[in-house]
Every structure is written in C-alpha cells, then in structure tokens.
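**Q** Fold the following, please.
(one chain, ligands or ions: 3)
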Amino acid sequence: MSKYEVDSLALHTDLYEINMMKTYWQSGKADQQAVFEVYFRKHPFDNGYAIFAGLERVIDYITNLSFTADDIAYLQATQDYPQEFLDYLADYQFQGTIRSMLEGEVCFANEPLMQIEGSLADCQLVETAILNIVNFQTLIATKASRVRNVCGDDTLAEFGARRAQELDAALWGARAAYIGGFDSTSNVRAGKQFGVPISGTHAHAMVQAFQNDYTAFKAYAQSHRDCVFLVDTYDTLKSGVPNAIRVAKEMGDQINFIGVRIDSGDITYLSKRIRHMLDEAGFTDAIIVASNDLDEKTILNLKMQGAKVDSWGVGTQIITAFDQAALGAVYKLCAIEDESGSLQPTMKISSSPEKTTTPGKKQVWRIMRNSDGKSEGDYVSFDYEDPRQENSIFMFHPTYTYVNKTVEDFTARPLLQTIFANGKLVYDQAPDVHAIKRYSKASLDLLWDEYKRMLNPEPYPVDLSQSLYDEKMGSIKAIKDQVKKIADK
Ligand SMILES: Nc1ncnc2c1ncn2[C@@H]1O[C@H](COP(=O)(O)OP(=O)(O)OP(=O)(O)O)[C@@H](O)[C@H]1O
Ligand SMILES: O=P(O)(O)OC[C@H]1O[C@H](OP(=O)(O)OP(=O)(O)O)[C@H](O)[C@@H]1O
Ligand SMILES: O=C(O)c1cccnc1
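**A** Numbers count the residues shown, from 1 in each chain. Ligands and ions are numbered 1, 2, ... in the order given. The predicted model follows:
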C-alpha cells in the first residue's frame with residue numbers, strides 16, 4: 001500500500017475548525033444546534049449560471065468521517081489539547097442533517113447549494129472539506145458546460161490529467177468535466193472509478209520513436225483496430241496526412257480508420273485542407289480531431305472561421321479552469337438554537353452589501369411556467385414556506401424591488417434534497433455519472449438562451465420570498481440600532 005494512501009479525512013480541515021470545536025466543547029456549546037449554508041456570490045467566468053458538482057464526494061467524506069488513532073496521536077503531539085478533548089474527538093461521529101442540490105443542477109449566485117444543520121461541532125468540522133470539494137468540482141463542471149455550449153454536437157474529450165493541480169484534481173476534475181458536458185476523458189483511472197468513458201489517440205513521441213510518420217502509423221495500425229493518427233509531427237500536409245491516408249488504404253478493413261488529430265499550427269487552415277485530402281482519398285467519414293491549448297473562446301473562433309473539426313481535445317484550460325482559479329463559495333451561519341431550543345435566524349452584516357448574508361434556514365425553489373416549462377427564476381424562502389400551496393407567486397428583485405412580477409400557473413421544484421438526516425445517509429440511490437449528466441442537460445434546457453450565452457448573459461432572477469426579505473431588512477435594522485445605541489453611550 002502506498003505511504004500516501006488516505007485512511008481518514010478527519011484532519012482535512014483547517015486548524016481553526018478544531019480550535020473552535022474545542023472552544024464549543026469547553027463552553028458547553030458543542031451540541032448547540034446551528035444551520036450553515038454554502039453559496040457563492042458571483043458566477044464563475046462571468047457565466048450566467050453554474051453547474052453544481054461535488055455531492056458524491058461529500059457523501060463519501062461524511063460517511064467515513066471519524067478520527068483515527070493516528071489522527072488523535074498527531075493532534076496530541078502537536079496541539080495543546082487536554083486528554084478529555086482528544087477523547088471527545090476520538091468518539092466523534094457526524095450526527096447532522098445535510099440538504100443539497102443534486103449534482104448536475106444548474107445553480108446561481110446567492111442561493112444555498114448545500115445546507116448543514118447540526119451541532120456547532122458537526123457544522124464547523126466539515127466546513128473546509130465541503131467547500132474544498134464543492135468549489136473545485138462546481139468550477140470545473142461549469143467550465144465544461146461553457147465549452148460544450150460552443151461545440152454543439154461535436155465530440156469533446158478531456159485531456160487535462162498531465163496539467164491538473166495534482167492527482168485528485170485530475171480524477172475528480174475528469175468526472176466534473178463529464179457531468180458538465182464532455183464526452184470522454186483520457187484519464188483511465190477516472191474511467192475505472194466513475195465509469196466516465198475513456199478515449200485516446202497517440203503522442204508525437206511515438207512518431208519520433210519510429211522516426212517517420214508512415215512507419216509509426218503502420219505499427220499503430222498493426223496493434224490497434226481503432227486508429228486516430230497524429231499528423232503534425234514533421235509536416236502535417238506533406239507528410240502526416242498523406243501517410244495516414246496511405247496506411248488507411250493499405251490496412252483497409254483490418255482497421256477502423258477513425259481519422260486524424262492535429263495539435264499545432266493554424267487549425268482552421270489545416271483542417272480545411274485535411275478535410276479536402278481525406279474526402280478526395282474517399283475517407284469522407286474520417287474525422288478531424290483538434291487539440292492545442294483550446295478553450296471555449298478559441299473553439300468558438302475556430303468555428304466562426306469555418307474550421308472543419310469534428311472532435312475537440314481540451315486539456316489545460318478545462319482541468320485547471322484556467323481563467324478562474326477558484327469558485328469562492330462560502331459557508332455561512334444562518335440560524336442558531338436559542339435558550340428555548342428553537343432555531344433563530346442570524347446574519348452577518350458587512351460594509352460591502354454583497355457580503356451581508358441572508359438570515360434563516362432556507363429552501364430554494366425553481367419556478368417553472370407550466371405553459372412552456374421554462375424557468376421563471378429561483379425563489380429562496382424559509383424552509384417552512386411552500387410556494388406549491390399558492391396559486392400565484394410574487395417575485396421581486398432582492399435589491400431593486402420595483403423589478404417584480406406575479407407568476408401564475410407555475411410548478412415549484414424544491415432544489416435542496418435531504419442527503420443525511422441526523423447523521424444517517426438517506427439519499428442512498430445516488431445516480432451514476434451518466435444519469436447525472438442527463439439530469440444536468442435537462443436542468444439547462446429549462447433556461448432561456450439569454451441566460452446561457454457566453455458573453456454578457458442576462459442575470460437570472462434569484463429572488464427572496466416576502467417573509468425572508470422582511471426578516472433580512474428587520475435584522476439589518478435591529479443590528480444597526482443596536483450598534484448605534486452602543487456608539488451613543
Ligand atoms: N485559426 C486559428 N485561430 C485562432 N487561434 C488558433 C487558430 N489555430 C490555432 N489557434 C490557437 O492558437 C494557439 C497557438 O497556436 P500555435 O500555432 O502558435 O501553436 P503551435 O504551432 O503549437 O506553437 P507551439 O509549438 O509554440 O505550441 C493555440 O491555442 C491554438 O489552439
Ligand atoms: O493543449 P491542452 O489543451 O493542454 O491538451 C493537452 C495537450 O497534451 C498533449 O500535448 P503534450 O505536448 O503534453 O504531449 P504530446 O507530446 O502528446 O503532444 C496534447 O497533444 C495536447 O496538446
Ligand atoms: O489521447 C490523446 O490524444 C491525448 C491524451 C492526453 C493528452 N493529449 C492527448
């Protein structure tokens with residue numbers, strides 16, 4: 001077994017979480033109930049939406065969450081924790097309730113993606129890992145969706161493992177890219193682990209190893225049935241493509257000549273010339289694969305130029321979410337148990353309005369018009385409100401409240417589903433990656449194109465219920481009055 005095999009993720013947390021657990025434990029507050037919610041404030045890549053991903057790994061993390069003897073020994077050796085606290089950690093078991101959007105769900109800024117309800121100790125310990133997982137996977141799935149949007153029905157392969165931020169990112173990034181719209185990954189372990197379809201061609205090194213295209217392609221054809229030849233090692237049009245055609249003709253039915261790949265040069269020019277050469281040779285079904293630092297902007301441009309590419313290989317730009325390093329989802333306390341044992345909304349106000357949180361334990365509803373099935377917007381309410389009981393729903397912008405509408409004849413779908421109830425996994429029928437991918441596509445199909453365009457998308461409405469809005473405004477006023485009273489003293 002590898003020295004780095006992971007047997008516990010309990011310490012995959014920031015030290016301050018365990019420090020706070022200790023404070024809660026010592027002050028008798030460790031069991032006080034609280035609700036935290038995960039949300040982001042701004043769409044990644046200036047996109048109009050994001051694709052939620054990460055739940056599968058969160059489930060695995062929570063299911064296996066406990067401190068091993070090794071973990072406790074490490075804390076004992078490095079921290080000034082009393083033995084009683086170490087014993088408490090050694091006995092620790094997650095007892096909380098987690099509600100979450102399902103993977104593949106289209107999601108938006110300023111709405112809860114996930115909600116963790118439980119003791120302060122439970123809620124605090126899991127913050128870091130949950131954000132770590134959800135921030136990365138949601139970012140990659142969203143980037144993948146952007147790439148898919150410009151590719152139409154072309155095939156899209158993820159080639160990023162070698163450029164990913166280490167092994168975990170390559171593995172879970174491949175899964176997130178598949179959920180968001182890619183067709184396959186080159187990462188064989190992601191295929192084995194998750195069932196993501198795998199695909200692969202060959203590298204320039206193999207052509208160099210045989211010292212010419214013809215011998216290399218011939219050798220590959222003699223050892224594989226499905227053949228995509230990489231034609232840009234020496235001279236794409238004078239050597240690579242003619243030799244690919246020569247081998248395809250020589251091998252005939254012995255191989256399945258899928259096509260050729262180009263990985264350098266002017267993709268539009270080359271692909272047009274290659275298409276012509278393949279067609280003239282009678283290989284009208286052979287495809288052209290392009291790769292070389294592609295992203296959604298370059299692909300869109302290449303398509304506008306009329307590039308004759310059927311299949312795209314995208315590596316660095318997808319697996320690193322190149323133009324945005326992190327999603328920035330946060331984990332905020334929104335309700336806490338009072339002395340009488342009931343949960344009270346709580347909020348944090350900030351001098352920057354977007355950092356002011358919305359108090360209360362919530363639910364998010366996707367409001368769809370029955371006439372065309374399209375989504376009118378998302379409606380964030382207290383968890384005890386149920387718009388399905390109403391005949392009409394008043395939706396207003398949470399800042400510019402004069403921007404409003406009344407929606408009738410609608411369907412409201414709750415997006416936060418119970419995954420763990422009091423520590424027990426109740427969402428035990430998790431779908432496979434293919435079903436998640438289909439779900440994501442169906443979720444995107446509910447959106448008007450205006451919200452999905454790559455450049456300057458229309459802002460999708462994420463509105464607060466009247467009660468939630470009133471609670472928020474009331475809380476802001478109460479906090480300000482209190483601060484003023486103290487300042488006036
Ligand atoms: N017709 C095109 N229009 C716009 N961008 C293109 C076009 N063809 C290729 N590109 C992109 O331009 C970038 C650089 O291409 P370039 O031809 O310089 O790569 P290269 O030949 O592989 O060079 P290098 O060997 O330095 O990697 C790549 O991201 C590639 O995808
Ligand atoms: O360009 P990306 O989108 O990141 O896609 C991955 C890249 O990895 C390979 O190149 P590399 O030079 O690593 O190996 P090679 O010798 O096979 O070309 C491949 O040919 C792609 O260009
Ligand atoms: O299969 C390929 O062509 C491939 C895989 C990884 C990186 N670049 C290319």
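
**Q** which residues of the stretch 151-300 of the chain fall in helices?
**A** 166-180, 188-194, 204-210, 213-223, 241-251, 267-280, 296-304 (DSSP state H, counting those that start in this stretch).

**Q** Go through the ones you listed and name the closest to residue 112.
**A** Smallest distance to residue 112 across those (C-beta to C-beta): 20.0 Å, for helix 166-180. The way it works is simple: take the backbone N, C-alpha and C, and place the C-beta from them, glycine included.

**Q** centre of the chain versus the closest one, how much separation?
**A** Mean C-alpha position of helix 166-180 versus that of the full chain (C-alpha atoms, centre = their mean, to the nearest Å) differs by 9 Å.

**Q** does any bit of that helix sit next to ligand 2?
**A** No - residues of helix 166-180 contacting ligand 2 under C-beta under 6 Å from any ligand atom: none, with a closest distance of 11.9 Å.

**Q** Quick check: buried residues in that helix?
**A** Under the neighbour-count criterion of 16 or more other C-beta atoms under 10 Å, helix 166-180 has 169, 170, 171, 172, 173, 174, 175, 176, 177, 178, 179, 180 buried.

**Q** Residues contacting it, please?
**A** 51, 53-54, 56-57, 103-104, 133, 136-145, 147-148, 158, 160-161, 164, 184-185, 187, 189-190, 193-194, 196-197, 318-320, 433, 436-437, 440 (C-beta atoms under 8 Å, 6 or more residues apart in numbering).

**Q** okay if I get the buried residues of helix 166-180 as CSV plus distance to ligand 3 and pLDDT?
**A** What follows is the buried residues of helix 166-180, written out as CSV (distance: C-beta to the nearest ligand atom, whole Å; pLDDT from 0 to 100):
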residue, distance to ligand 3, pLDDT
169, 15, 98
170, 11, 98
171, 15, 98
172, 17, 98
173, 13, 98
174, 11, 99
175, 17, 99
176, 17, 99
177, 13, 99
178, 15, 99
179, 20, 98
180, 19, 98
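
**Q** got those residues as a markdown table, with distance to ligand 1 columns?
**A** Listed next are the buried residues of helix 166-180 as a markdown table, based on distance: C-beta to the nearest ligand atom, whole Å:
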| residue | distance to ligand 1 |
| --- | --- |
| 169 | 21 |
| 170 | 21 |
| 171 | 25 |
| 172 | 25 |
| 173 | 20 |
| 174 | 21 |
| 175 | 25 |
| 176 | 23 |
| 177 | 18 |
| 178 | 22 |
| 179 | 25 |
| 180 | 21 |
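
**Q** Setting aside sequence neighbours, what's the nearest residue to the closest residue to ligand 2 within the chain?
**A** Scanning the chain for the residue nearest ligand 2 gives residue 315, at 2.5 Å (criterion: C-beta to the nearest ligand atom). Of all residues not flanking residue 315 in the chain, residue 159 sits nearest, at 3.7 Å (C-beta to C-beta, 6 or more residues apart in numbering).

**Q** One more: residue 239?
**A** residue 213 (5.3 Å).

**Q** Also residue 188?
**A** Nearest residue to residue 188 in three dimensions, chain neighbours excluded: residue 198, at 5.7 Å (C-beta to C-beta, 6+ apart).

**Q** Count the neighbours of the one you found for me.
**A** 17 (other C-beta atoms under 10 Å).

**Q** isn't it right next to residue 187, touching?
**A** Yes - using C-beta atoms under 8 Å, residue 198 is in contact with residue 187, at 7.3 Å.

**Q** Return the residues of the protein in contact with ligand 2.
**A** Counting by C-beta under 6 Å from any ligand atom, the chain comes close to ligand 2 at 159, 162-163, 203-205, 263, 291-294, 313-317.

**Q** Buried only: go through the residues you listed for me.
**A** Neighbour-count burial (16+ other C-beta under 10 Å) applied to the residues of the chain next to ligand 2 gives 159, 163, 263, 291, 294, 313, 314, 315, 317.

**Q** among the residues you listed, which are in reach of ligand 3?
**A** 159, 291, 313, 315.

**Q** Relative to residue 280, which of those residues is nearest.
**A** Distances from residue 280 to these, taken by C-beta to C-beta, are shortest for residue 291, at 24.4 Å.

**Q** Now do the contacts for the residue nearest to residue 239.
**A** Neighbour list for residue 213: 207, 229, 231, 233, 234, 239, 240, 243, 244 [criterion: C-beta under 8 Å, 6+ apart].

**Q** again, but for residue 113
**A** So residue 113 contacts 37, 38, 39, 40, 52, 100, 101, 107, 134, 138, 329 (C-beta under 8 Å, 6+ apart).

**Q** So for the residue lying closest to the fourth one once chain neighbours are set aside, what pLDDT did the model give?
**A** This means residue 40. Using C-beta to C-beta, 6+ apart and skipping residues adjacent in sequence, the residue nearest residue 40 is residue 329, 4.1 Å away. Looking at residue 329, its pLDDT is 98.

**Q** can you list the buried ones among the residues of the chain next to ligand 2 in a markdown table and add distance to ligand 1 and pLDDT?
**A** As requested, those are exported to a markdown table (distance: C-beta to the nearest ligand atom, whole Å; pLDDT from 0 to 100):
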| residue | distance to ligand 1 | pLDDT |
| --- | --- | --- |
| 159 | 13 | 98 |
| 163 | 13 | 98 |
| 263 | 7 | 98 |
| 291 | 8 | 98 |
| 294 | 5 | 98 |
| 313 | 11 | 98 |
| 314 | 10 | 99 |
| 315 | 11 | 98 |
| 317 | 9 | 98 |
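
**Q** so the spatially most central residue of the chain is in which element?
**A** Centroid-nearest residue in the chain, with C-alpha atoms, centre = their mean: residue 138, separated by 1.6 Å. Assigned by DSSP states H and E, residue 138 belongs to helix 120-151.

**Q** What average pLDDT does that helix get?
**A** Across helix 120-151, the average pLDDT comes to 98.

**Q** thinking residue 396 is in contact with residue 403, fair?
**A** Yes - with contact defined as C-beta under 8 Å, residue 396 reaches residue 403; the gap is 6.7 Å.

**Q** out of the two, which sits in the more crowded spot?
**A** Of the pair residue 396 and residue 403, residue 396 is the one with more neighbours under other C-beta under 10 Å, namely 18 against 12.

**Q** Identify the bridge partners of that one.
**A** When assigned by DSSP bridges, residue 396 has beta-bridge partners residue 404.

**Q** of all the residues in this protein, which ones are close to ligand 3?
**A** The chain has residues 159, 186, 200, 201, 261, 291, 313, 315 near ligand 3, with proximity defined as C-beta under 6 Å from any ligand atom.

**Q** Can you select the buried ones from the contacts of helix 166-180 in PyMOL?
**A** In PyMOL, this line selects whichever of the contacts of helix 166-180 come out buried by 16+ other C-beta under 10 Å:
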select buried, resi 51+53+54+56+57+103+104+133+136+137+138+139+140+141+142+143+144+145+147+148+158+160+161+164+184+185+187+190+194+196+318+319+320+433+436+437+440
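
**Q** Please identify which helix or strand holds residue 98.
**A** Assigned by DSSP H and E, residue 98 falls in strand 97-100.

**Q** mind exporting that strand as CSV, just the C-alpha atoms?
**A** Output of strand 97-100 as CSV, limited to C-alpha atoms (Å, rounded to 0.1, in the frame of the first residue of the first chain):
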residue,chain,number,x,y,z
THR,A,97,-28.5,16.8,8.6
ILE,A,98,-27.3,17.8,5.1
ARG,A,99,-29.6,19.1,2.4
SER,A,100,-28.1,19.6,-1.0
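
**Q** Stretch 272-290 - what's its average pLDDT?
**A** Average pLDDT, stretch 272-290: 98.

**Q** meant to ask about stretch 94-105
**A** Across stretch 94-105, the average pLDDT comes to 98.
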